[in-house]
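A.B. asks: heads up, no residue letters with this:
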């Protein structure tokens, strides 16, 4: 069909394009939310991997090796230096996530707790370079408490 009036053709094209964008927006938004949840879970997995290894060394479940411990502490400190907060956009509650709605209701507190974890992880990493097993245990306990403070309040 050939349109004689070009303004009608332009209007139809604009309307079609606008409709496509409007229909695609919820899909793009859902993808962004899914990616945010995946990001935060990935970072949390890095935390858990390193904490578990250090904890197992301190509990005697695996042999204690200061070099390996220090490597895990450094990785934990590096991961806690990532900006995790973009992984928690509003409306990103998900059945695939253990995040509780309180995160978004008390986001400033959540952010403060995350900063305390980062500080504790950096201190643990610094202690792990030359510290003895007792000082490592104490620094690991402090870091674990920082993790639990957030989990207790904000994780299902």
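C.D. replies: That came in fine, so what should we check first? Nothing here was measured: the structure is a model prediction, and the numbers come from that model.

A.B. asks: where in this structure is pLDDT low?
C.D. replies: Along the chain, the parts satisfying pLDDT under 70 run over 1-30.

A.B. asks: Find the centremost residue of it, please.
C.D. replies: Among the residues of the chain, the one closest to the centroid is residue 40, at 2.7 Å (C-alpha atoms, centre = their mean).

A.B. asks: Need phi/psi at that residue.
C.D. replies: phi -60, psi -40 (degrees, to the nearest 10).

A.B. asks: Same question for the one 10 residues further on.
C.D. replies: Its backbone dihedrals place residue 50 at phi -70, psi -40, with angles given as degrees, to the nearest 10.

A.B. asks: mind listing what it touches?
C.D. replies: Going by C-beta atoms under 8 Å, 6 or more residues apart in numbering, residue 50 touches 72-73, 75-76, 79. The C-beta positions use only the backbone N, C-alpha and C, and glycine is treated the same way.

A.B. asks: do residue 150 as well
C.D. replies: For residue 150, the contacting residues are 110, 113-114, 117, by C-beta under 8 Å, 6+ apart.

A.B. asks: Which strands and helices lie in contact with whatever helix or strand residue 115 lives in?
C.D. replies: Here residue 115 sits within helix 107-130, counting by DSSP states H and E. Packed against helix 107-130 by the contact rule (3 or more C-beta pairs under 8 Å, 6 or more residues apart in numbering; DSSP states H and E) you find helix 66-80, helix 133-154.

A.B. asks: Sweet, I'm off.
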